[in-house]
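Undergrad: just to be clear, the model below is a prediction. Sequence and coordinates:
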Amino acid sequence: MSLLHESIESLELKLKNKEIKPSDLVKESLDRIKATDDKVGSFITVTEEVALKQAEALDCAQEEGRVEGKLFGIPMGIKDNIVTKDIQTTCASKILEGFNPIYDATVMNKLNKENPILLGKLNMDEFAMGGSTETSYYKLTRNPHDLDAVPGGSSGGSATAVAAGQVSFTLGSDTGGSVRQPASYCGVVGLKPTYGRVSRFGLVAFASSLDQIGPMTRTVKDNARVLEIISGLDANDMTSAPVEVPEFSKIITGDIKGKKIALPKEYFGAGIDEEVKQAVLEGVKYLESQGAIVEEVSLPNTDYAISTYYIIASAEASSNLSRFDGIRYGYRSPNATNLEEIYKKTRGEGFGAEVKRRIMLGTYVLSSGYYDAYYKKAQQVRTLIKQDFDRVFEEYDVIIGPTAPTVAFNIGEEVGDPIKIYANDILTIPVNMAGLPGISIPCGFKGNRPIGMQIIAKPFAESTLYDVAYNFEQHYNLHDKKIEL
Ligand SMILES: NC(=O)C[C@H](N)C(=O)O
């Protein structure tokens with residue numbers, strides 16, 4: 001088994017005992033990227049030079065007995081919509097080609113204090129708009145379990161880099177399922193934290209009332225470790241919450257005796273693949289055997305989630321993306337002869353079709369005369385969706401269902417049909433609308449394509465999610481499986 005298939009905890013021990021050096025890990029990571037990335041396509045930018053330099057410095061520190069930080073020497077990859085100082089950050093868009101940010105996102109500052117090693121920036125749907133990573137301007141990403149399948153999206157590269165054993169962990173971002181759905185398709189652990197748990201400062205904004213950055217890992221404990229590092233109040237993000245950050249990785253017990261699990265009937269109804277449904281229900285049966293109490297509930301407004309999301313998210317996107325005007329960042333059309341043309345041509349040439357679709361939709365629903373009919377109505381429905389969850393959480397600790405209605409689909413199968421792609425998020429979007437934490441963990445296969453189980457909890461109850469997920473991981477463990485590529 002390669003080092004990159006070991007847990008962060010186990011690597012930490014080896015590094016402390018000087019059995020391995022940070023440069024061994026980086027070398028293994030770079031070798032694996034070189035051997036596999038032309039097949040899976042996880043990376044937009046590989047930061048080989050930065051990684052080797054960091055490894056050299058950490059090798060010296062280790063020599064001197066200074067193995068400091070919770071991620072000392074651990075190889076990581078970051079979704080390309082999280083800004084990294086002096087390292088190209090493209091959001092997988094032509095409009096940001098060659099854009100080198102002048103500062104690090106808060107999550108990067110927090111990670112860097114723990115001494116991990118950055119291997120590069122990961123592919124995604126353009127500006128995180130999509131569910132298959134097929135809207136990237138730069139390249140196609142393939143599912144390591146089946147190269148004919150999409151990896152999911154928008155954090156497709158973040159999922160494949162972990163699944164293919166290219167790095168130990170990655171960060172993704174989740175606006176309507178973009179961490180959990182690719183985690184589900186690629187058989188890794190992906191968490192969307194409670195809205196406000198993690199600072200969004202330096203995450204290129206898509207829909208600010210929904211976006212959260214989340215860790216993608218091989219194991220539940222690795223996930224908890226990364227979350228406890230990146231969480232916390234940040235003066236640079238007024239929506240980050242002043243709540244205590246537990247040491248999640250230390251308090252996981254996996255004890256779920258007496259925990260009440262709710263199964264929403266809408267999450268197992270029409271449109272959900274039979275094998276996906278069965279795998280999740282079997283998983284729930286196992287949790288019941290561990291002492292949990294399982295009951296059926298209803299989340300009656302689930303049906304309205306997708307239409308509501310595409311109004312709210314597009315409205316916010318149309319406003320957020322107005323900053324890409326050819327003046328301030330990245331690409332500027334060479335064909336413009338005056339200011340007006342700079343705006344129009346830069347945006348016309350720089351944005352892809354899906355991004356343009358959302359900007360137009362968002363501008364439309366915010367325009368006077370339509371605001372009340374669409375945007376205001378969507379905000380009202382969002383409240384109803386949140387109230388559905390509030391009611392269930394009065395009695396239950398967690399809600400469980402599939403992460404996505406199906407396993408990964410074929411590359412090219414849905415890309416021409418946005419409505420089909422949007423429908424894949426039916427089980428993840430409501431969680432963003434209500435600001436709740438949700439995690440996807442592997443729970444089976446359909447053929448060679450992984451199935452994900454989603455666990456949802458009350459705001460800031462990530463430790464409850466981790467307990468249930470950790471318990472299940474002792475029973476169903478996918479992370480030892482090495483994928484041949
Ligand atoms: N960004 C996300 O979380 C995914 C969602 N599929 C979207 O395209 O908006």
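TA: Now that the structure is in, tell me what you want to look at.
Undergrad: can we go C-alpha only for contacts and neighbour counts from here?
TA: Noted.
Undergrad: going by neighbour count, list what's buried in the helix or strand bottoming out on mean pLDDT in the chain.
TA: Taking mean pLDDT, DSSP states H and E as the measure, the helices and strands of the chain show their lowest mean at helix 418-423, namely a mean of 90. Going by neighbour count (16 or more other C-alpha atoms under 10 Å), the buried part of helix 418-423 is 421, 422, 423.
Undergrad: what does stretch 168-187 give?
TA: When neighbours are counted by 16+ other C-alpha under 10 Å, the buried residues of stretch 168-187 are found to be 168-187.
Undergrad: restricted to strands, list those.
TA: Where the buried residues of stretch 168-187 overlap with strands, as defined by DSSP state E, the overlap consists of 169, 170, 171, 172, 173, 174.
Undergrad: any idea which of those is closest to the ligand?
TA: Proximity to the ligand was ranked across these by C-alpha to the nearest ligand atom; first place goes to residue 174, at 4.2 Å.
Undergrad: identify the residues contacting that closest one.
TA: Contact partners of residue 174, counting by C-alpha atoms under 8 Å, 6 or more residues apart in numbering, are 154, 155, 180, 192, 210, 211, 212, 213, 214.
Undergrad: these: which ones sit near the ligand?
TA: Among the contacts of residue 174, the ones lying close to the ligand by the criterion of C-alpha under 6 Å from any ligand atom are residue 154.
Undergrad: mark which of the contacts of residue 174 are part of strands, please.
TA: For the contacts of residue 174, membership in strands holds for 192, 212, 213, 214, with DSSP E as the criterion.
Undergrad: now do the strands in this structure.
TA: 43-46, 75-79, 117-122, 169-174, 189-192, 212-217, 260-264, 293-297, 398-402, 438-446, 449-457.
Undergrad: taking the stretch 201-350 of the chain, what residue is nearest to the ligand?
TA: Here the stretch 201-350 of the chain gets closest to the ligand at one residue, residue 313, 7.0 Å apart by C-alpha to the nearest ligand atom.
Undergrad: residues in contact with that residue?
TA: Under the criterion of C-alpha under 8 Å, 6+ apart, the contact partners of residue 313 comprise 206, 207, 210, 362.
Undergrad: residues touching the second one, list them.
TA: By C-alpha under 8 Å, 6+ apart, the residues touching residue 207 are 175, 312, 313, 314, 315, 316, 317, 320.
Undergrad: which single one of these is nearest to residue 84?
TA: Nearest to residue 84 out of these is residue 320 (C-alpha to C-alpha; 19.3 Å).
Undergrad: model confidence for the closest one, exactly?
TA: With respect to pLDDT, residue 320 scores 98.
Undergrad: how about the residues of the stretch 1-150 of the chain by the ligand?
TA: Taking C-alpha under 6 Å from any ligand atom as the criterion, the neighbours of the ligand within the stretch 1-150 of the chain are 128, 129, 130, 131.
Undergrad: wait, the third one touches residue 150, no?
TA: It stands for residue 130. No: shown here, residue 130 and residue 150 do not form a contact pair, counting by C-alpha atoms under 8 Å, at 11.5 Å.
Undergrad: with neighbour numbers in mind, choose between those two.
TA: Comparing residue 130 with residue 150 by other C-alpha atoms under 10 Å, the one with more neighbours is residue 150, at 30 against 27.
Undergrad: do you know how far the residue located most distally from the centre of the chain is from residue 279?
TA: Each residue of the chain has a distance to the centre, and by C-alpha atoms, centre = their mean the biggest one is for residue 337: 40.3 Å. When distance is defined by C-alpha to C-alpha, to the nearest Å, residue 337 is 59 Å away from residue 279.
Undergrad: ok, the residues of the stretch 1-150 of the chain next to the ligand vs residue 114, which is closest?
TA: Top of the list for closeness to residue 114, among these and by C-alpha to C-alpha, is residue 128 at 27.2 Å.
Undergrad: wait, what's in contact with the closest one?
TA: When contacts are counted by C-alpha under 8 Å, 6+ apart, residue 128 is found next to 81, 91, 153, 154, 155, 173, 178, 206.
Undergrad: now flag whichever of the residues you listed is closest to the ligand.
TA: Here the nearest of these to the ligand, counting by C-alpha to the nearest ligand atom, is residue 178; it sits at 3.6 Å.
Undergrad: the closest residue to that closest one other than its chain neighbours: what's it in contact with?
TA: In space, residue 178 comes closest to residue 154 once its chain neighbours are excluded; the distance is 4.8 Å by C-alpha to C-alpha, 6 or more residues apart in numbering. With contact set as C-alpha under 8 Å, 6+ apart, residue 154 has these partners: 124-126, 128-133, 173-174, 178-179, 182.
Undergrad: quick check: phi and psi at residue 93.
TA: Its backbone dihedrals place residue 93 at phi -120, psi 150, with angles given as degrees, to the nearest 10.
Undergrad: what score does it have for pLDDT?
TA: Model confidence at residue 93, given as pLDDT, is 98.
Undergrad: the one 10 residues further on too?
TA: For residue 103, the pLDDT comes out at 98.
Undergrad: so where's the chain shaky on pLDDT?
TA: Low-confidence regions of the chain, defined here as pLDDT under 70, cover residues 1, 480.
Undergrad: against residue 172, how distant is the nearest residue to residue 102 once chain neighbours are set aside?
TA: Distances taken as C-alpha to C-alpha, 6+ apart place residue 85 nearest to residue 102, at 5.1 Å, with adjacent residues excluded. Computed as C-alpha to C-alpha, the residue 85 to residue 172 distance reads 18 Å.
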